[in-house]
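> I'd like to go over a predicted model; first the sequence, then the structure.
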Amino acid sequence: SMKLKKKKKKVKLLFLAYKTWDLVYKQALKIMLQGKAKAAIPLSNTPAL
């Protein structure tokens with residue numbers, strides 16, 4: 001029972017990280033499309049998944 005609970009928590013964290021990354025990516029893409037690539041978040045600053 002405990003093993004299953006731990007796995008569920010990990011999946012929830014992964015989903016949250018994915019949602020955050022998706023949001024950051026879309027925002028950066030929007031900025032780049034506006035011709036403001038320099039204002040976009042450098043890839044080195046993004047959290048490693």
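Yep, it's here.

> Where does pLDDT dip in this protein?
Counting by pLDDT under 70, the chain contains low-confidence ranges at 1, 36-49.

> now do 90
1-8, 28-49 (pLDDT under 90).

> ok, which stretches of it are helices?
For the chain, applying DSSP state H gives helices covering 2-33.

> Check which residues of stretch 22-39 are buried.
residue 28 (16 or more other C-beta atoms under 10 Å). Quick note: C-beta positions are derived from backbone N, CA and C, even for glycine.

> okay, it in CSV with CA atoms only?
What follows is stretch 22-39, C-alpha atoms only, in CSV (Å, rounded to 0.1, in the frame of the first residue of the first chain):
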residue,chain,number,x,y,z
ASP,A,22,5.2,23.7,-20.7
LEU,A,23,4.3,27.2,-19.5
VAL,A,24,7.9,28.5,-19.5
TYR,A,25,8.4,27.0,-23.0
LYS,A,26,5.3,28.6,-24.4
GLN,A,27,6.2,32.0,-22.9
ALA,A,28,9.8,31.8,-24.2
LEU,A,29,8.5,30.9,-27.7
LYS,A,30,6.1,33.9,-27.6
ILE,A,31,9.0,36.2,-26.7
MET,A,32,11.1,34.7,-29.4
LEU,A,33,8.4,35.1,-32.0
GLN,A,34,8.1,38.8,-31.0
GLY,A,35,11.8,39.2,-31.9
LYS,A,36,12.9,39.6,-28.3
ALA,A,37,15.1,36.4,-28.1
LYS,A,38,17.5,38.2,-25.8
ALA,A,39,14.7,38.7,-23.2
